[in-house]
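> make a model of this:
(one chain, ligands or ions: 2)
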Amino acid sequence: MTSVAQEAWFTEPALTRILSVLNRDGGQARVVGGAIRNTLMGLPVGDIDIATTLLPQDVIERAKEAGVKAVPTGIEHGTVTLVIDGRGYEVTTLRRDVETDGRHARVAFGTDWTADAERRDLTINALYASADGNVIDLVGGLADLETRTVRFIGDAATRIAEDYLRVLRFFRFFAYYGSGRPDADGLRASARAKDKLNTLSAERIWAETKKLLAAADPSRALLWMRQTGVLTEILPETEKWGIDAIHGLVQTEQALGWTPDPLLRLAAMVPPDAERLDGMAKRLRLSNADAARLQEWAKAPVLPDEVTDVGFDRLLYQHGATGLSMRIRLALAGARAAAEGDPLAMRKVARLTVLLERCDRYRKPVFPMSGADVLAAGVPAGKRVGEVLAALETFWVERNFSLDRAALTIRLEELARNNS
Ligand code: ATP
Ligand code: MG
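Ligands and ions are numbered 1, 2, ... in the order given. Okay, the predicted model is just below:
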């Protein structure tokens, strides 16, 4: 029998305590989902989710009696979070779907483990571990884990029609855990459901897409998303550009030890067109930070072929390092993909590598002069002050940011004389 009893996370006193509080006096509770899946795949375990036959109110009461903090984080769909030593465990009452409309499900609480398993999306996500650590498989999840098959529980088309987000979850879980080709029924059903994706909220679509783009290697999943038309449906901006650059980007990330960056992967598939990206950010409701990063990338200058260190420092000063760093990373990935046996591309790789280091180390120098200095030099208050200050700053930039206040004051006095 497959067991997780020896796993460090499973033997933590906090989890043992929760399971023992819930598994008595007619109650049953099991760990479910990602924790079991990842353990059996040898991957790190993130959140620990627990399913129980007890009603949410009873979970809260038992927690209180045992002195465990209970937070009703999602009480209407049956979720109570138990907190021990700052760590949260989501405890959800067994459910069965009463009614679904592709976006929301009305659920009823129940005590039937099979019904609870069958309303989950994928077989690999519906494995349970009871309090003794034994793994319980009600839908064939273990066999699919072994072959890394990402498969819907039941009929793919039916399961997708209950919640269209499952199309994206199918590809996301394939990106993380799948191998070979995605399950054919799931692919076909996803392709057929693609024009229903626009009924989902933008937040759900983007959250799911961003998770997919954060996978160690999302390139095969993206290929199948493109093949089925799903990618174009959610990201029409990728239509012309395509996903050819993704593979090279992932290889470069792995070779150079870059952390997977979902926005950089996105940037590899869309044109650097500030206006279109602004439209995309609004449509998908990206966070302000994500939207701003994409804008910085789109507005960053294309690097001149033979840019010098000095010239590059000027670009950094004008445009900032964020967008340029993304530009260089993509250019570097492209050049590395082309570099094999091509001496010109190899030179480009070497140069871009140097520039990237410079970019990532960059601290913007502070211009040491201000409007007050210009006034003190005798320029009368008004529009002139800004013009003189700008001319002085250009002078400083052109001398590679090396002049100090004393040197700049001499130049300022010249400018002030010429301007009066
Ligand atoms: P991770 O948290 O590592 O992304 P997970 O498997 O815990 O993976 P969650 O999105 O946290 O995934 O969901 C927890 C469980 O709830 C899933 O394993 C799955 O069984 C079920 N689930 C989540 N979303 C859906 C959905 N849209 N349709 C059906 N079941 C779902
Ligand atoms: Mg989870």
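> from here on, contacts and neighbour counts on C-alpha atoms
Fine.
> can you spell out the domain ranges of this protein, please?
1-147, 300-361, 371-419 (automatic domain parsing).
> show me what from the stretch 1-150 of the chain comes close to ligand 1.
Residues of the stretch 1-150 of the chain lying close to ligand 1 by C-alpha under 6 Å from any ligand atom are 33-34, 120-121, 125-126.
> with adjacent residues omitted, what lies nearest to T73?
Of all residues not flanking T73 in the chain, V80 sits nearest, at 5.5 Å (C-alpha to C-alpha, 6 or more residues apart in numbering).
> what ranges does the stretch 101-250 of the chain have for its helices?
Along the stretch 101-250 of the chain, counting by DSSP state H, counting those that start in this stretch, helices occupy 113-118, 141-146, 156-162, 165-177, 184-193, 202-213, 219-227, 230-234, 238-241, 244-256.
> what helices and strands are in contact with the first one?
Where contact means 3 or more C-alpha pairs under 8 Å, 6 or more residues apart in numbering; DSSP states H and E, helix 113-118 is packed against strand 95-100.
> what strands line up against the strand it packs on, and which way round?
The pairing partners recorded for strand 95-100 under DSSP bridges are strand 105-109 (antiparallel).
> buried set for the partner strand?
By neighbour count on 16 or more other C-alpha atoms under 10 Å, the buried set for strand 105-109 is 107, 109.
> avg pLDDT for it?
Averaging pLDDT along strand 105-109 yields 79.
> so what touches that strand?
Residues outside strand 105-109 that contact it (C-alpha atoms under 8 Å, 6 or more residues apart in numbering) are 55, 77-78, 93-100, 162-163.
> residues contacting the nearest residue to G140 once chain neighbours are set aside?
Closest residue in space to G140, ignoring its immediate chain neighbours: T123 at 6.3 Å, by C-alpha to C-alpha, 6+ apart. For T123, the contact set (C-alpha under 8 Å, 6+ apart) comprises 139-141, 144, 150-153.
> thinking again about what came up before, double-check that the residue nearest to T73 belongs to a strand.
Yes. Under DSSP: H, G, I helix; E, B strand; the rest coil, V80 sits within a strand.
> show me the contacts for it.
Residues near V80 by C-alpha under 8 Å, 6+ apart: 56, 59-60, 70-74, 90-92.
> residue ranges with poor pLDDT in the stretch 51-200 of the chain?
Within the stretch 51-200 of the chain, no stretch has pLDDT under 70.
> try 90 this time
75-77, 95-108 (pLDDT under 90).
> tell me what the helix or strand harbouring L408 is packed against?
If you go by DSSP states H and E, L408 is part of helix 405-419. In terms of contacts (3+ C-alpha pairs under 8 Å, 6+ apart), helix 405-419 is packed against helix 383-398.
> got the buried residues for the helix it packs on?
Buried-residue list, helix 383-398, by 16+ other C-alpha under 10 Å: 384-385, 388-389, 392-393, 395-397.
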